[in-house]
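K.L.:
just to be clear, the model below is a prediction. Sequence and coordinates:
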Amino acid sequence: MRCDTLKLMELIIHKVALSLIHSIKAAHSETDLRPTILLELVLDDVSLWSEAPAFIQPNYMPETHDLLWERLQVMGADILAAFVADQVDNLLGKLQQFPILSSAIDMLYCQWDARNQQQSLADYFDILPRQVLGSAMIGFLDSNMAYMERLEQLKASGYTAVKFKVDPDHIDDLQPILTHSLDLFESVCVDANGSFSPSNIQRLAQIPELVVIEQPTLHTPFLMQLVRTLPHQILLDESIRSLSDLDSFSGTGVGVMLKPVCLGGLRLTLQYIQRCFELGIPCGISGYLDSGVGRYFQWLLAQHSQCLLRADFVWSGYYFKKDVMTISSDRKLADPFRVDLSGFEVQSRQFSR
C-alpha cells in the first residue's frame, strides 16, 4: 500500500570536492582531488541523498562533472516536478544517453518509492544482510618500495583482496609485485581499463595465472580470443553498457563487474544482476571513486544473493582524507543514513516547489 502523506519540499544540488589520501594514477588519468555532485531531496521529515560522481575528463564516460553540474542547474526544477507528479520514470526515459545523471535521479527515486511503500531499502532491493568483503585498489606507483609499503598498509587495515591498475607501460614493473601479493591476499586482480591493443595484448601472458584480469581490451574480437587462450579469470567492465551486451558473453566463463552509475541506476543494475544470473555469468558490484553516498548503495547491492563475485569496494578512510558519509566494515542495514557536509567547501543550488 502506498503512503501519500510525504511532502516534497525542495531539491538541492551540492558541488563538493574530496581530497584523496593518495593520488591515483590509472591508464587514462591521474586524480588527486575528487569533485562530485550530491543531490538532496528534502521531504517533510527527512532528506534523501544521491550522487552524480562524473569525472572532470571524459576518459571513462562522456558525462563530465562540469557538464552534469550545468545540466542539473537547468533541470533541477523539472526533476523536482517529476517527483511531485510521480513522473520520474517518464523523465528517466528521456535521459537514457546520460546514465550518470539517470543513476543519481534513480537513486533518489528508490529511496522515495521505498518510503512511500513503507519499506526498508533492504526489502525494496530484496536483499538479506551479509558481509561485504572489501577489495582495495592501487593506482600506478613510482617504485617497488612504494608498492610494498602500500600492500603492508592494506594488510594491516584488514583487506584480504587487492586490485592494481595496469597498462602496457607498467606491466613489467608490476610483475614482482603481483607475485608477492598472491602470498599476502586471498584475491589479486589487475584492471587494464581496456588499455591493451592487438599490438601488445600478448604481453598479458606475463601476468601470473592466479591473478584475475579485468577489462584487458575494448576490442571485442581480441577479447574473445583472450578468453579462449589465457588461463586467467577474465572480468568485464567497460564492455558492458547494455543488457544485450551480456548475451554475447554467455558461456564464455567471464565475470562481470557492474557499475550502477554507468548503467543508469540501481533498478537497472538489478536487471543486470538478474540477467547475469539467468545467463550463468558471475557478477559483482563496482564503484566509480564515489563518495560515501554512492558507496552506501554499492554496499547494499553487493549483498544481493545473485552477486557472486567479491565487490570492488573500499571502506571510508581508504580513498579520502574526509568523506561526506562514513561506510565502515561493521555497518548494519539498520544504521542511520547520515551525510555531513561540514568542513567542505560546498557550492549549492536550491529548487523549491
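P.N.:
Great, that's in hand. Worth saying up front: this structure is predicted, and the values here are computed from it rather than measured.
K.L.:
so for this protein, the centremost residue is which one?
P.N.:
Centroid-nearest residue in the chain: Gly287, 1.7 Å away (criterion: C-alpha atoms, centre = their mean).
K.L.:
the closest residue to that one other than its chain neighbours: neighbour count?
P.N.:
Of all residues not flanking Gly287 in the chain, Gln298 sits nearest, at 5.4 Å (C-beta to C-beta, 6 or more residues apart in numbering). (Each C-beta comes from the backbone N, C-alpha and C, glycine too.) Using other C-beta atoms under 10 Å, Gln298 is surrounded by 25 other residues.
K.L.:
can you confirm Gln298 is in a helix?
P.N.:
Yes. Counting by DSSP: H, G, I helix; E, B strand; the rest coil, Gln298 is part of a helix.
K.L.:
so what's the residue count around Ser352?
P.N.:
When neighbours are counted by other C-beta under 10 Å, Ser352 comes out with 12.
K.L.:
quick one, phi psi at the residue nearest to it when sequence neighbours are not counted?
P.N.:
Once flanking residues are discounted, Ser352 sits nearest to Glu10: 4.4 Å by C-beta to C-beta, 6+ apart. Dihedral angles of Glu10 (phi, psi; degrees, to the nearest 10) stand at phi -160, psi 160.
K.L.:
Leu301 now?
P.N.:
Taking degrees, to the nearest 10 as the convention, Leu301 sits at phi -70, psi -30.
K.L.:
same thing with Gln175?
P.N.:
Backbone torsions of Gln175, given as degrees, to the nearest 10, read phi -50, psi -50.
K.L.:
is it true that it touches Ile207?
P.N.:
Yes. In this structure, Gln175 is within contact of Ile207 by C-beta atoms under 8 Å, at 7.4 Å.
K.L.:
who has more neighbours out of these two?
P.N.:
Higher neighbour count among Gln175 and Ile207: Ile207, with 23 against 14, using other C-beta under 10 Å.
K.L.:
check contacts around the more buried one.
P.N.:
Neighbour list for Ile207: 166, 171, 175, 178, 190, 213, 232 [criterion: C-beta atoms under 8 Å, 6 or more residues apart in numbering].
K.L.:
any idea which element Pro176 lies in?
P.N.:
helix 171-184 (DSSP states H and E).
K.L.:
against which helices or strands is that helix packed?
P.N.:
helix 144-156, strand 161-165, strand 187-191 (3 or more C-beta pairs under 8 Å, 6 or more residues apart in numbering; DSSP states H and E).
K.L.:
so for that helix, what gets flagged as buried?
P.N.:
171, 174, 177-178, 181 (16 or more other C-beta atoms under 10 Å).
K.L.:
longest helix of the chain, counting residues only.
P.N.:
helix 65-84 (DSSP state H).
K.L.:
and the next helix or strand past the helix or strand of the chain with the lowest mean pLDDT?
P.N.:
Ranking every helix and strand in the chain by mean pLDDT, DSSP states H and E puts helix 220-229 at the bottom, with a mean of 88. Using DSSP H and E, the helix or strand that follows helix 220-229 in sequence is strand 234-236.
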